[in-house]
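Engineer: I would like the atomic coordinates for the input below:
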Amino acid sequence: MKGYVYILASRRNGTLYTGVTRDLAARLFDHQNELTPGFTSRYGVKTLVWFEEHDLLVQAIAREKSIKKWPRQWKLNPIESMNPAWDDIARYLHGL
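Structural biologist: Numbers count the residues shown, from 1 in each chain. Coordinates of the predicted model:
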C-alpha cells in the first residue's frame, strides 16, 4: 500500500508541519477544514508545499520520522527545489 510524506506551511517560510498518510487528498482535506484538532489547526498550517510518494506505507513512515529530525533548513531545501514559489500544490492531487 502506497504512502505519502508531506510538508504543510502556514505561509512562505512560515510554520511547517511534516506528516505521513495513505490518502494524501483526504488528509489534506482534514487539515484544510480543521477537522482534526491539533498543531495544524492551532497554527493555521494548511498549504501543501511538498510531498513525496512511496511504494510502501512503512517506507513513508520511516522517511517522515527522518525528516522530522532534520534542521529547519534541510526541510526548506526540498520545498525550494520542488516548489520555489511555495504555491499550494494540492490542486495537483486529482490524479493520485
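Engineer: What are the boundaries of the strands in the chain?
Structural biologist: All strands of the chain, identified by DSSP state E, fall at 3-9, 16-21, 47-54.
Engineer: Okay, now the sheet partners of the longest one, with direction.
Structural biologist: Just to be clear, that refers to strand 47-54. Applying DSSP bridges, strand 47-54 is found paired with strand 3-9 (antiparallel).
Engineer: Can you check what pLDDT the model gives P37?
Structural biologist: P37 carries a pLDDT value of 89.
Engineer: Give me the neighbour count for it.
Structural biologist: Under the neighbour criterion other Cβ atoms under 10 Å, P37 is assigned a count of 8. Heads up, the C-betas are built off the backbone N, CA and C, glycines and all.
Engineer: Look up how far A60 lies from it.
Structural biologist: 23 Å (Cβ to Cβ, to the nearest Å).
Engineer: Likewise for S10?
Structural biologist: 23 Å.
Engineer: A26 now?
Structural biologist: 15 Å.
Engineer: for S41, same thing?
Structural biologist: S41 is 23 Å from A60, by Cβ to Cβ.
Engineer: Of the two, give the one with the bigger neighbour count.
Structural biologist: Between S41 and A60, counted using other Cβ under 10 Å, the more crowded position is A60 (24 against 15).
Engineer: wait, isn't that one in contact with Y6?
Structural biologist: No. A60 is not in contact with Y6 according to Cβ atoms under 8 Å; the separation is 9.4 Å.
Engineer: Which neighbours do these two have in common?
Structural biologist: Counting by Cβ atoms under 8 Å, 6 or more residues apart in numbering, the common neighbours of A60 and Y6 are V20, T21, E52.
Engineer: beta partners for the last one?
Structural biologist: In this entry, E52 is beta-bridged to V5, by DSSP bridges.
Engineer: before we move on, what about the first one?
Structural biologist: For V20, the beta-bridge partners are V5 (DSSP bridges).
Engineer: That one: what's it in contact with?
Structural biologist: Applying Cβ under 8 Å, 6+ apart, we find V20 in contact with G3, Y4, V5, Y6, L57, A60, I61, R63, E64.
Engineer: and the residues you listed, which are buried?
Structural biologist: Neighbour-count burial (16 or more other Cβ atoms under 10 Å) is assigned, among the contacts of V20, to G3, Y4, V5, Y6, A60, R63, E64.
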